[in-house]
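Asks: Give the three-dimensional model of this entry:
(one chain, ligands or ions: 2)
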Amino acid sequence: MERLELPRELLTGVKDIDTHHTELYAWADRIVRSEADEQDLKQAIVFLSGYVNYHFAAEESAMITHGFKDYEKHRKQHRAFIRLVHRFRETAMAEGINDNVREMLKKAFRVWFTNHIGLLDRKFAEFLKSKGITHHQVLPNRGELESSGALDEYDQVEIKGPYDGEVTLDELKIRLKAKM
Ligand SMILES: [Fe+2]
Ligand SMILES: [Fe+2]
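Replies: Ligands and ions are numbered 1, 2, ... in the order given. Model (predicted):
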């Protein structure tokens with residue numbers, strides 16, 4: 001089975017952002033390929049879902065800190081992906097890890113997340129680089145966000161709310177050769 005990994009052309013040059021993206025793909029890959037017992041996998045899924053929330057909260061926090069003006073559009077896409085991951089998590093908990101669940105996760109990363117990084121994260125990274133910001137610690141660490149309560153709202157994104165993932169995808173101009 002082909003690995004799920006961050007395509008090299010999606011490295012942004014901002015170290016923190018690239019590290020998060022690489023890690024997120026690695027976790028998704030671990031879940032898709034794992035033959036560990038169900039309980040371990042479910043814990044990995046909960047972890048991945050929490051990491052997605054953290055990553056988005058961290059990016060959004062950095063956007064506010066540095067005055068990035070496309071913040072609202074970016075945030076809207078993050079909400080759509082959180083809904084997608086929540087749905088994946090609920091399905092995995094209900095059905096166990098089967099082929100359907102693996103396909104959901106592969107598609108979420110190879111299509112949705114890939115497009116999001118290629119278009120919107122890249123724009124944010126270019127903005128940061130134009131201001132000379134490429135050092136690590138551009139993104140706040142998890143502890144900071146947790147203690148400020150900034151992560152709470154991400155856990156509460158309504159899973160049954162409008163799912164605009166497909167619409168968002170249609171809006172995107174970039175189509176990488178995603179094998180699904
Ligand atoms: Fe990102
Ligand atoms: Fe993003």
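Asks: which parts of whichever strand or helix holds T114 are buried?
Replies: Per DSSP states H and E, T114 falls inside helix 114-116. Of the residues in helix 114-116, 114-116 count as buried by neighbour count, 16 or more other Cβ atoms under 10 Å. In this view, the C-beta of every residue, glycine as well, is placed from N, C-alpha and C.
Asks: And stretch 141-154, by the same measure?
Replies: 142, 145, 150-151, 154.
Asks: So what touches it?
Replies: For stretch 141-154, the external contacting residues (Cβ atoms under 8 Å, 6 or more residues apart in numbering) are 53-54, 56-58, 61, 82.
Asks: again, only using 6 Å
Replies: Identification of contacts with stretch 141-154 by Cβ atoms under 6 Å, 6 or more residues apart in numbering yields 53-54, 57.
Asks: re the thing from before, any idea which of the buried residues of helix 114-116 is closest to L41?
Replies: Nearest to L41, judged by Cβ to Cβ, of these is T114 at 22.9 Å.
Asks: Check what pLDDT the closest one gets.
Replies: T114 carries a pLDDT value of 90.
Asks: roughly how far apart are it and ligand 2?
Replies: According to Cβ to the ion, to the nearest Å, T114 stands 12 Å off from ligand 2.
Asks: And that residue, how far from K106?
Replies: 11 Å (Cβ to Cβ, to the nearest Å).
Asks: just A94 next, same as before
Replies: Taking Cβ to Cβ, one finds A94 at 19 Å from K106.
Asks: How about I31: what's its closest non-neighbour residue?
Replies: Once flanking residues are discounted, I31 sits nearest to A44: 5.2 Å by Cβ to Cβ, 6 or more residues apart in numbering.
Asks: So what touches the strand or helix carrying D16?
Replies: If you go by DSSP H and E, D16 is part of helix 15-33. Outside helix 15-33, the residues that touch it by Cβ under 6 Å, 6+ apart are 3-6, 11-12, 44, 48, 55, 102, 105-106, 109, 117, 125, 136, 138-139.
Asks: quick check: angle from the next helix or strand after that helix to helix 15-33?
Replies: Proceeding N to C from helix 15-33, the next assigned helix or strand is helix 38-66, under DSSP H and E. Angle, helix 38-66 to helix 15-33, by axes from the mean of the first three to the mean of the last three Cα atoms, to 10 degrees: 160 degrees.
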